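Visitor: Quick check, what structure comes out for this input:
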Amino acid sequence: MDSYQSDCLRPLKRTKRTWIITTIAIQEEDKGPFPKYAGQLFNNKSYNTSLKYLISGPGVDEPPEVGLFSIEDDANGHVYVHRTIDRERTPAFQVTHFRKSGELLDRPIFFKIKVKDVNDNAPEFSKEEYSTTIRENHSEGKFIQVTALDKDEAGTANSQVSYSIGMQMPSPDGLTFNIDPTTGSIFLSGCLDYKTANSFKLLIKASDHGSPQLSSTATVTIAVEDANNHLPVFTSDNYQLQISAGEEHLAVLRLQVEDKDSPNTPAWRAKYRIVKGNEKEQFTIKTDPATNEGILSVIKPLSYEGDSEMRLVISVANEEPFFWCKNGIVMISNLETTNTAVNIKVLQSQRAPRFHPPILIVQKEDSMKPGRVFRKYPATYPDDVPNKIKYELAHDPDGWLNVDENSGVLTVAKEFDQESPFLNNSLYTIIVHATDRGVPPQTGTGTILLYLSDINDHMPSLVAASLDMCDKQEGTPLVIEAKPALAHSRSGPFTFELAEDSEDVKRNWTLGRNFGQSVELLMLRSLPQGSYLVPIIIQDRQGFSTRQNQNIKLCFCPDGHTCKHSPVLQAAVGLGSDAIAIILMALLLLLGKSGTKSKAIAPPQEGEQTLINYNEESRSSFSEVSVTEYIDTTPPVKCS
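Guide: The predicted structure is shown next:
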């Protein structure tokens, strides 16, 4: 405590500073020659003794830039620089200096060496290429911003950046892109037109304000996304329609529109609405997502006595609002539509023949060769009144089909042409008339929409491609099940039809009860074991019809309901591999000597059945394949 009090009572001693402190400034990028004089350290207090000036610290004997500065004249405090300096690397140095004459005469203090900036850096963009997407109906406000930075000294002309557009490609009339020179925000002046230009490229220039002025460039790629500047237009201004009174009619009419916007976008997809004539809510209209057509249906029966003639006004618009350009400004409206009229004549209850379904939708199938049955498309009377019906093709502009005038069976007249001028988005339309012999004669209309493109997502299909069936069980049903299309999860119940393209199919198989989602398949007589393809046509309640082959594997069933391998060949397995080889060689020799294409081994009465011949090109018979297929490869059971 005494020591502490003694220190506190000691009088303060103030030292007068004698250094005159200045900042030494040197030029960036100075090319020399070196060493080059930078400045002088001096003191205003004179002494009679000789002095030496000393410096140390960054730029002298410490990083960064060791050896950059030195005292060449230690008596006069002259500071020299020894090489070129990059300000952007080290903008300033803080150096320690003091005087010495045998011993230190002053406390060491710091002085600053500042590097003066020169404009040696051009502005640099954050990236060389920018890309963005802009909607065709873009009206105002920035849609992209570019940024460039200059490494020169902040707050000076050397680092101040201005932006400009050096090039725009293409440059349609009335449309330009502008850039804010200070912020780099890019704006649009005028209206975009996707059909005129669906992409642009801009060359952006960033320049500083230094001397000499330095600059750099970057490119901006702009993709234009199509928007709704084309209204859908009906292909017909009015439609004429005859509808029988007293019943509902699903898909009684399909209305087509043309739209110049990009397909399958909100700017192209159509929305239909009945704006007049449906005060009693007897009609509905919805959009077919596959074709963009409007499907008109009668959901409440019409009355002949009340209104024998009716007129509907139907409008169409797109899913997204319509826009147009007025004096370079985008105008948007939800109210723009186009209209068409449907004139309806209601017929009395003695109705015309009706097709089932009124609109049949079919996708092109493989092997549609001339002469092949395309579809059965019959018409009936709603009241089941027997009458003679005559069928004819009312519209088949390329002559692809023939129709039997008595049965309504459609056959292929010539191969379907993918390049036909009568195709509309891979859709070919066929209209069939069914006319009765009444007085006056009544005519019903059926429409077939034949798609040459893939619409499998809209078609029903078989649940299992292959099913097992026990032989020797003619008359026992096998249940074949169908499933709805991905796009129509509730399109059942289904109708099933046996495609009777060959005599073998008609002689061997028939369909039984229809359960809505499935149908019975019955074998009409005993058939040899093997694989059979049974062609079945499946149709849902919306009119989508597809033909698929059900593979039936006819096999031996020891227990009457579970397929096993052939017992004959199972017995052969017990003979050993040498015995099997001898049997197989004998069978092959017998088959080879026949001189004709061999048939499956079967009793005489079954010798005419059709089986699947797998090695057709090599002329190997089904019997050869069958022998190999039914060999039981499980180890034989040893008897005790």
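
Visitor: How about the secondary structure of the residue lying closest to F515 once chain neighbours are set aside?
Guide: In space, not counting the residues next to it along the chain, F515 is nearest to V479; the distance is 7.8 Å by CB to CB, 6 or more residues apart in numbering. Every C-beta, even on glycine, is put in place using the N, C-alpha and C of the backbone. The three-state label for V479, taken from DSSP: H, G, I helix; E, B strand; the rest coil, comes out as strand.

Visitor: i'd like the first residue to be 32 from this point on
Guide: With 32 as the first residue, the last one maps to V510.

Visitor: just checking, V510 touches S549?
Guide: Yes - contact between V510 and S549 holds when scored by CB atoms under 8 Å: they sit 5.1 Å apart.

Visitor: more neighbours, the two?
Guide: More neighbours sit around S549 than around the other of V510 and S549, counting by other CB atoms under 10 Å; the figures are 17 against 13.

Visitor: so how far is K514 from the more buried one?
Guide: From S549 across to K514, the span is 10 Å (CB to CB, to the nearest Å).

Visitor: so where is the stretch 432-581 of the chain shaky, pLDDT-wise?
Guide: In the predicted model, the stretch 432-581 of the chain carries pLDDT under 70 at residues 470, 504-505, 531-532.

Visitor: mind running it again at 80?
Guide: When the per-residue scores of the stretch 432-581 of the chain are filtered using pLDDT under 80, the ranges that remain are 468-471, 502-507, 517-523, 531-534.

Visitor: now the helices for it?
Guide: With DSSP state H, counting those that start in this stretch as the definition, the stretch 432-581 of the chain shows helices at residue ranges 534-539.

Visitor: At which residues are the strands of it located?
Guide: Along the stretch 432-581 of the chain, counting by DSSP state E, counting those that start in this stretch, strands occupy 432-434, 440-443, 458-467, 474-482, 492-493, 497-501, 509-514, 526-529, 540-545, 549-554, 561-570, 575-586.

Visitor: Show residues contacting the second one.
Guide: Outside of strand 440-443, the residues that reach it under the criterion CB atoms under 8 Å, 6 or more residues apart in numbering are 399-408, 431-435, 463, 479.

Visitor: ok, 7 Å please
Guide: Strand 440-443 has contacts (CB atoms under 7 Å, 6 or more residues apart in numbering) with 399-408, 432-434.

Visitor: which of the residues in stretch 512-521 are buried?
Guide: A513, K514, P515, A516, H519 (16 or more other CB atoms under 10 Å).

Visitor: of all those, which comes closest to H261?
Guide: Checking these against H261 with CB to CB, the nearest one is H519 at 29.6 Å.

Visitor: For that closest one, grab phi and psi.
Guide: Here the main-chain torsion angles of H519 (degrees, to the nearest 10) amount to phi -130, psi 80.

Visitor: Kindly provide the distance from it to Y563.
Guide: With distances defined as CB to CB, the gap from H519 to Y563 amounts to 30 Å.

Visitor: Run through the helices of the chain in chain order.
Guide: Remark: helices of the chain, listed N- to C-terminal, are 33-39, 534-539, 598-604, 608-623, 653-660; assignment by DSSP state H.

Visitor: Mind listing what's buried along the second one?
Guide: What it means is helix 534-539. Residues of helix 534-539 classed as buried under the neighbour-count rule (16+ other CB under 10 Å) are V536, N539.

Visitor: neighbours around the nearest residue to V361 once chain neighbours are set aside, how many?
Guide: Counting by CB to CB, 6+ apart, V361 lies nearest to S170, which is 3.9 Å off, once chain neighbours are set aside. For S170, the number of neighbouring residues by other CB under 10 Å comes to 14.

Visitor: Quick test: name the residue nearest the centre of this protein.
Guide: The residue at the geometric middle of the chain, judged as the C-alpha nearest the mean C-alpha position with CA atoms, centre = their mean, is N295 (10.5 Å).

Visitor: Can you name the residues that contact that one?
Guide: With contact taken as CB under 7 Å, 6+ apart, N295 is in contact with no other residue.

Visitor: can you check P294 too?
Guide: Contacts for P294 were tallied using CB under 7 Å, 6+ apart; there are none.

Visitor: rerun at 10 Å
Guide: Contact partners of P294, counting by CB atoms under 10 Å, 6 or more residues apart in numbering, are D257, R300, N323, N456.

Visitor: Looking at those residues, which one is closest to D499?
Guide: For D499, the nearest member of the contacts of P294 is N456. The distance, counting by CB to CB, is 42.1 Å.

Visitor: is it true that the closest one touches A321?
Guide: Yes - checked against CB atoms under 10 Å, the pair N456 and A321 is within contact range at 9.3 Å.

Visitor: Of those two, give the one with the bigger neighbour count.
Guide: Using other CB under 10 Å as the criterion, N456 and A321 rank with A321 on top: 17 against 12.

Visitor: overlap in contacts of N456 and A321?
Guide: Contact criterion CB under 10 Å, 6+ apart; residues shared by N456 and A321: Y482, S484.

Visitor: for stretch 115-135, what is the average pLDDT?
Guide: This predicted structure assigns stretch 115-135 an average pLDDT of 68.

Visitor: Could you tell me which residues within stretch 265-276 count as buried?
Guide: Burial within stretch 265-276, assessed by neighbour count using 16+ other CB under 10 Å, is assigned to F265, Y270, L272, Q273, I274, S275, A276.

Visitor: The spatially closest residue to the second one that is not a sequence neighbour pairs with what?
Guide: In this case it means Y270. Distance criterion CB to CB, 6+ apart; nearest residue to Y270, sequence neighbours excluded, is V373 at 4.6 Å. In this entry, V373 is beta-bridged to Y270, L343, by DSSP bridges.

Visitor: what's the burial count for V373?
Guide: V373 has 22 neighbours, counted by other CB under 10 Å.

Visitor: and what of E96?
Guide: Around E96 sit 18 other residues, with neighbours defined as other CB under 10 Å.

Visitor: could you list every residue that touches it?
Guide: For E96, the contact set (CB under 10 Å, 6+ apart) comprises P89, G90, V112, H113, R114, I116, D117, R120, T121, F124.

Visitor: again, only this time at 7 Å
Guide: Counting by CB under 7 Å, 6+ apart, E96 touches G90, T121.

Visitor: Repeat that for the one 5 residues further on.
Guide: When contacts are counted by CB under 7 Å, 6+ apart, S101 touches V91, Y111, H113.

Visitor: Rebuild these as TSV, extending it with distance to L234.
Guide: Conversion of those to TSV gives the following (distance: CB to CB, whole Å):
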residue	distance to L234
V91	48
Y111	47
H113	43
